[in-house]
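Chemist: okay, here's the prediction I keep looking at, along with the sequence it came from:
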Amino acid sequence: MRPRRHAGQIVICDNQAIQHHASNPDFMHPFLTFPWSLRRPARHSQNTAGTPAVPLRQQRVIGAICSLIAVASIAVHAASPRQLPRVEDLGRAPRNQYGSLEQTIQTLRAHQPLDLNAARWRRDHPGETYDEWRQQARALLSKALHYDAGEVDLNAVTTDRWETDAFIRETIEFNTAPWFRVPGYFYTPKNVPLPAPALVVFHEWGGPMLFGADRVSGEPVHPVLIAHRERYTSGRALADWFASQGYAVIVIDAHHFGRRAPRGMNGLPDSYDPARLDEETLKRYDALARDPKQLYYGVRQLNWAGTTWAGVNFGDDSRCIDYLLSRKEVDPERIGCTGLSGGGWRTNIMAALEPRIKAAVSVGWMTTGDSQQVYNVLGAIGSFNLLPGVWNRMDVPDLIAMAAPKAVMVVSNTEDPLFPPLGQQEAARQIAAAYSWAGHAGLFRNYAPPKPHCYDAEIQAEALAWFDRHLKQRPADTSRTGSN
């Protein structure tokens, strides 16, 4: 007899199973043999189906047997690990290894059940639906963030205003939690019908940590930003560009970045303006801010305070939607999000959990956990990825798999050295299968251009086309026209 799994629990035995095995005196489980000859004789009455009813005492005994069977079955499962990808199948040589502990950590990973991975769950639960899987997966992910700021008055203010022919940009501040007041920018597009569709644009993790929103917004305030944009976004400020294409846009400094970067610790002065630093000083301060010991200290501080870095990010990012909804210039039914690298990861989490997002473009953060374990943990997995209790039960592509019916495009550049081609391809396959299972195959696209880690002009054009397709449709009688 094989125990049945449901919703993360073992269903030991139902009454039908008890009666079946009670009526079979030769019943033996490969792990346990019950001494039926020692059973006290009992009088059996007949139930309505003509099957002997099972005495209560015997039901309890058999129930105990089933419990032991379940434990034994779990032990067998734990002793039968998955096969992790072979190095030669990754598509590129591994970027880093864990020295003498590499085999240990791979074996540990291989023993994780991944029982809420969409592909595995669907195989193990053939009679259940996509919605049932999604409900369980979202519940697990949401709980694991360990972050709930409760109801918050945004108390939003505009501190500056900058106008171009294509948009108006406001410098803003608003509360995302009782403990966070977050700076950022809000854009109103010109010469388009209002309320307009809106995007939350996320900056990257990699790059100058003393700048956050300023990486993707406005004129470059420091020469280092010119070089950063040339490398990753064809020289463009992403937020400005999307605003010039008819979208309201919000972008904020993520936790530990820009105006929220650490000060007064680890050799950093109590106050500094990165835009006014010479390049040598900026480089030195940036190294202090992203010192691995400093980042690890930040993780410990957050965990000891009862939360996670990913939870803080999602809390802030979700509150950006609250801000958008507070603006009359924004259509609340047409909101999307996008970002590169760490911004792509934040896009993944928002697509998974934020119901007010209707479309998303995630660039430069998609793989599978097994392939990434073998290929590159040191260079790709950051503090914002760490969610104990999640990656042993689900996989990275499940973040997008649970997003249906949102319209999501995942961009996995084939020459991106951070992720193995095998992981990118398998993730795309799993997401496409999940969207088909959900009945929304046409709302997912995997775009895999031959490019390195970037969100360049060509990818931007594809992203714009995706957002235009899924966010620029609205009833004509609800619009009003604005040019300022």
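Modeler: Received it, and whenever you're ready, just let me know what you need.
Chemist: C-alpha from now on. contacts and neighbour counts both.
Modeler: OK.
Chemist: centroid residue for the chain?
Modeler: The geometric centre of the chain, computed from its C-alpha atoms, lies nearest to I349 (C-alpha atoms, centre = their mean), at 3.2 Å.
Chemist: can you spell out the domain ranges of this structure, please?
Modeler: Following automatic domain parsing, one finds the domains of the chain at 4-80, 157-364+453-482.
Chemist: and C337, what are its phi and psi?
Modeler: Note on C337: its backbone torsions stand at phi -150, psi 160 [degrees, to the nearest 10].
Chemist: now do the contacts for it.
Modeler: C337 is in contact with 199-202, 347, 350, 357, 359-361, counting by C-alpha atoms under 8 Å, 6 or more residues apart in numbering.
Chemist: cool, W162 as well?
Modeler: By C-alpha under 8 Å, 6+ apart, W162 lies in contact with 168-170.
Chemist: with G235 instead?
Modeler: 226-229.
Chemist: sitting in helices, which of those do you find?
Modeler: The helices, defined by DSSP state H, take in 226-229 from these.
Chemist: quick one: which of those is most hemmed in?
Modeler: Neighbour counts for these were taken using other C-alpha atoms under 10 Å; the highest belongs to R229, which has 21 neighbours.
Chemist: tell me the SS of the closest residue to it other than its chain neighbours?
Modeler: Closest residue to R229 in three dimensions, ignoring its sequence neighbours and counting by C-alpha to C-alpha, 6 or more residues apart in numbering: G235, at 4.4 Å. Of the three states, G235 takes coil under DSSP: H, G, I helix; E, B strand; the rest coil.
Chemist: repeat for R181
Modeler: Going by three-state DSSP, the secondary structure assigned to R181 is strand.
Chemist: returning to what we had before: got the contacts of G235 as a markdown table, with distance to H125 and pLDDT columns?
Modeler: Compiled in a markdown table, the contacts of G235 are given as follows (distance: C-alpha to C-alpha, whole Å; pLDDT from 0 to 100):
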| residue | distance to H125 | pLDDT |
| --- | --- | --- |
| I226 | 52 | 97 |
| A227 | 51 | 97 |
| H228 | 47 | 98 |
| R229 | 47 | 98 |
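Chemist: now the residues you listed in a markdown table, with distance to D291?
Modeler: Listed next are the contacts of G235 as a markdown table, based on distance: C-alpha to C-alpha, whole Å:
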| residue | distance to D291 |
| --- | --- |
| I226 | 23 |
| A227 | 22 |
| H228 | 20 |
| R229 | 23 |
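Chemist: and of those residues, the nearest to V251?
Modeler: When the contacts of G235 are compared for distance to V251, the smallest value, 15.9 Å, is given by R229; criterion: C-alpha to C-alpha.
Chemist: the closest one contacts L238, correct?
Modeler: No - using C-alpha atoms under 8 Å as the test, R229 is too far from L238 to be in contact (9.1 Å).
Chemist: which residues are in contact with both of these two?
Modeler: Overlap of the contact sets of R229 and L238 (by C-alpha under 8 Å, 6+ apart) consists of V216.
Chemist: what is V182 paired to in the beta sheet?
Modeler: F174 (DSSP bridges).
Chemist: coming back round to it: how about the domains of the chain, which one is nearest E132?
Modeler: domain 4-80 (9.0 Å).
Chemist: mean confidence for the closest one?
Modeler: Averaged across domain 4-80, pLDDT comes to 41.
Chemist: just stretch 83-96 next, same as before
Modeler: Model confidence over stretch 83-96, given as mean pLDDT, is 96.
Chemist: likewise stretch 390-401?
Modeler: Within the predicted structure, the mean pLDDT of stretch 390-401 is 98.
Chemist: ends of that stretch, how far apart?
Modeler: Separation of the first and last residues of stretch 390-401 by C-alpha to C-alpha, to the nearest Å is 15 Å.
Chemist: quick one: contacts of it?
Modeler: By C-alpha under 8 Å, 6+ apart, the surrounding residues in contact with stretch 390-401 are 109, 112-118, 137, 140-141, 144, 348-349, 351-352, 366-369, 408, 427-428, 430-432, 434-435.
Chemist: check what pLDDT the residue nearest to the centre of the chain gets.
Modeler: 98.
Chemist: equivalent analysis for L443, please.
Modeler: The predicted local confidence for L443 comes out at a pLDDT of 98.
Chemist: now do L288
Modeler: As summarised for this prediction, L288 has a pLDDT of 96.
Chemist: which residue is the nearest non-sequential neighbour of it?
Modeler: Counting by C-alpha to C-alpha, 6+ apart, L288 lies nearest to N266, which is 6.6 Å off, once chain neighbours are set aside.
Chemist: cool, and R95?
Modeler: For R95, the spatially nearest residue (C-alpha to C-alpha, 6+ apart) is N376, at 5.2 Å.
Chemist: would you enumerate the residues in contact with that neighbour?
Modeler: Remark: with contacts taken as C-alpha under 8 Å, 6+ apart, N376 is in contact with 94-97, 418-419.
Chemist: which one of the residues you listed is nearest P220?
Modeler: Nearest to P220 out of the contacts of N376 is L418 (C-alpha to C-alpha; 26.6 Å).
Chemist: host element of that closest one?
Modeler: In this structure, L418 is located outside every helix and strand according to DSSP states H and E.
Chemist: count of residues packed around it?
Modeler: Taking other C-alpha under 10 Å as the criterion, the count of residues near L418 is 24.
Chemist: that'll do, ta.
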